[in-house]
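[1] Predicted coordinates and the sequence they were generated for:
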Amino acid sequence: MENQGFNLSTIKNSGNKVAEEGVEYITITDGNGGKLKIMNLEHEMYAPREGIVELVPLKIARGLNNAIRHQNEVRFGAITDRATGWIIGIPIPGYKKDKSIGFEIMVVNSAEFLDLSIPKQRLKWICIKNGPFMKDSPNFVPSSKTVYLAVDREKQANEFKINRRVRRKASEIAESLVGEELNDMAIALGFDPKIYSSEGLWMEVVKFAENENKVNGKTGGQRFMEVYESDTRLELIVLKRALSVGILTDTPKDGIAYNGVSLGFSELEAINYLKGHQNTLVSIDTQSKQKQSGSTQAFEKTAPPVIKDEKDLIIERQNREMEEMMKKLSIINEQVLETKSEAEVNELDPKLVPLYKEGKRLGLKVHLIARYDDVDTRVQKIQAEIDKKMAASKN
């Protein structure tokens, strides 16, 4: 058999990308001059070069006393990939009598282990995992009498090790949370502190961190650490708390809005807005904390909301939109919102106002400094950071 090298320009069915010549497939010529497009099994993209893969049949035929009635076995040579039209198989050197290309026959027994560090077994694994009887194969045939599942033991072990470390770290952090930090983390994870006692809330957060069940492919520990280590954790907490107490509103027309001004039409957009506008963030944070604190005791006696039908909601929305159109003679821009937010901060925490302004001028994230301390302690610590920043700028 003459190998003609890599000479393809097939466009994949999955998109407009032209497969790279000499990388994803090769072209070989048979004895009649016909060209065959064959997946380049030698390339790194199709399988790692180390690890053990176990092939396990999903169903085993059993008879009396649960004895195995017969061994599972499947055989195939080359197959045609549905997406690309390429042939997947291991060519046999030389030609058959009709001068066509022959391919090695793959045989898979009841259970089989493939060592990917052995080149021949790696090639076999690439063919098998793209074959018609492999679950999750792109070329799987549902009518296959025997269906196999691949178990990557090394990958499982590595994932177990990583998940175990993440779970331990998340659990340790969750167990250490108390007071406002516990409440804030609970809010970020989707819990409402108002409906739990302190111990009950702590228990729910710890259980979340230790939950091994996956949501969107991630365990509770992984999701906990994503939130805890996020550089927008504060903004997320403020956003969710403010929405829960009504300081922020979320409507189809304006998205997430504050004082009639939209911060964004998604949670991510609103978080990014708050991250770039410290005065607005502090104003919303302070107001939502005060409102949450004032409503906690009355929560249990609060009457259930009145459930309105669809007609009522449509009329209300139409009236609201008409009122807004009459009132909004000009567009409220960011400067208006920033000015209003700064005034609210001045009213709520007058001791902090000059420090916020000076810190903002120096590029400090003042709203993050000692946010869990009382006002006097925050004043001291923020002033210390400002002094440090100014001293550094002089050197």
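    Sure thing, it's come through. Residues are numbered from 1 along each chain as shown.
[2] Would you map out the domains in this protein?
    Split into domains by automatic domain parsing, the chain comes to 2-146, 158-229, 231-299+324-334, 349-395.
[3] Turn those domains into a markdown table, including mean neighbour count and mean pLDDT.
    For glycine as for every other residue, the C-beta is placed from the backbone atoms N, C-alpha and C. Formatted as a markdown table, the domains of the chain follow (neighbours: other C-beta atoms under 10 Å; pLDDT from 0 to 100):
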| stretch | mean neighbour count | mean pLDDT |
| --- | --- | --- |
| domain 2-146 | 15 | 78 |
| domain 158-229 | 16 | 92 |
| domain 231-299+324-334 | 17 | 82 |
| domain 349-395 | 14 | 81 |
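[4] Can you add distance to residue 152 and give those domains back as JSON lines?
    Putting these into JSON lines (distance: least, C-beta to C-beta, whole Å) gives the following:
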{"stretch": "domain 2-146", "distance to residue 152": "6"}
{"stretch": "domain 158-229", "distance to residue 152": "9"}
{"stretch": "domain 231-299+324-334", "distance to residue 152": "34"}
{"stretch": "domain 349-395", "distance to residue 152": "43"}
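[5] State the distance from residue 351 to residue 151.
    62 Å (C-beta to C-beta, to the nearest Å).
[6] make that residue 122, sorry
    17 Å.
[7] likewise residue 253?
    Distance from residue 253 to residue 151, by C-beta to C-beta: 51 Å.
[8] and if you look at residue 161?
    Counting by C-beta to C-beta, the gap from residue 161 to residue 151 is 17 Å.
[9] How about residue 286?
    Distance from residue 286 to residue 151, by C-beta to C-beta: 54 Å.
[10] Same check on residue 202?
    38 Å.
[11] now do residue 381
    54 Å.
[12] ok, now which ones touch residue 368?
    Residues counted as contacts of residue 368 (C-beta atoms under 8 Å, 6 or more residues apart in numbering) are residue 234.
[13] what about 10 Å?
    234, 278, 281 (C-beta atoms under 10 Å, 6 or more residues apart in numbering).
[14] Could you export the residues you listed as TSV, including secondary structure and distance to residue 79?
    Below are the contacts of residue 368 laid out as TSV (DSSP: H, G, I helix; E, B strand; the rest coil; distance: C-beta to C-beta, whole Å):
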residue	secondary structure	distance to residue 79
234	helix	54
278	helix	60
281	helix	57
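[15] Between the residues you listed, which sits nearest residue 130?
    Ranked by distance to residue 130 (C-beta to C-beta), those are led by residue 234 at 47.2 Å.
[16] you'd agree that closest one is up against residue 274?
    Yes. Using C-beta atoms under 10 Å, residue 234 makes contact with residue 274 at a distance of 8.5 Å.
[17] need the strands for the stretch 101-250 of the chain, in chain order.
    Counting by DSSP state E, counting those that start in this stretch, the stretch 101-250 of the chain has strands at residues 101-103, 106-108, 112-115, 148-152, 249-251.
[18] chain center to stretch 149-163: distance?
    Put simply, stretch 149-163 sits 20 Å off its chain's centre (C-alpha atoms, centre = their mean, to the nearest Å).
[19] please renumber so the chain begins at 312
    Done: numbering now begins at 312, and the last item shifts to stretch 460-474.
[20] Settle this for me: residue 557 is touching residue 569, isn't it.
    No. If you go by C-beta under 10 Å, residue 557 and residue 569 don't touch, sitting 11.0 Å apart.
[21] Could you pull out the residues contacting both of the two?
    Common neighbours of residue 557 and residue 569 (C-beta under 10 Å, 6+ apart) are residue 598.
[22] Helix, strand, or coil at residue 339?
    strand (DSSP: H, G, I helix; E, B strand; the rest coil).
[23] is it in a bridge, and if so with what?
    residue 314, residue 347 (DSSP bridges).
[24] Residue 601 and residue 676, how far apart?
    22 Å.
[25] and if you look at residue 470?
    From residue 470 over to residue 676 (counting by C-beta to C-beta), the distance is 36 Å.
[26] middle-most residue in this structure, spatially?
    residue 527 (7.2 Å; C-alpha atoms, centre = their mean).
[27] Need the phi and psi values for that one.
    phi 50, psi 40 (degrees, to the nearest 10).
[28] and it, what does it touch?
    Counting by C-beta under 10 Å, 6+ apart, residue 527 has contacts 533-534.
[29] Would you mind measuring from it to residue 583?
    From residue 527 to residue 583 the distance is 21 Å (C-beta to C-beta).
[30] what does residue 596 give?
    Residue 596 is 16 Å from residue 583, by C-beta to C-beta.
[31] ok and the longest helix along the chain relative to strand 459-463, angle-wise?
    In the chain, assigned by DSSP state H, the helix with the most residues is helix 464-487. In terms of direction (axes from the mean of the first three to the mean of the last three C-alpha atoms, to 10 degrees), helix 464-487 departs from strand 459-463 by 60 degrees.
[32] Which other helices and strands does helix 464-487 contact?
    strand 363-368, helix 490-500, helix 509-521, helix 531-539 (3 or more C-beta pairs under 10 Å, 6 or more residues apart in numbering; DSSP states H and E).
[33] Distance to residue 667 added to those, as TSV?
    Formatted as TSV, the helices and strands packed on helix 464-487 follow (distance: least, C-beta to C-beta, whole Å):
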stretch	distance to residue 667
strand 363-368	59
helix 490-500	20
helix 509-521	31
helix 531-539	26
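[34] Identify whichever of these lies nearest to residue 452.
    Of all the helices and strands packed on helix 464-487, strand 363-368 comes closest under C-beta to C-beta, at 15.2 Å.
[35] Would you map the helices across the chain?
    Using DSSP H, helices in the chain cover 430-440, 464-487, 490-500, 509-521, 531-539, 544-556, 578-587, 589-607, 621-638, 645-659, 664-673, 686-705.
[36] Run through who's touching the second one.
    With contacts defined as C-beta under 10 Å, 6+ apart, helix 464-487 is touched by 359, 361-365, 424, 427, 463, 492-493, 496-497, 500, 513-523, 525, 529-540.
[37] how big is the angle separating that helix from helix 531-539?
    Going by the same axes, to 10 degrees, helix 464-487 makes 60 degrees with helix 531-539.
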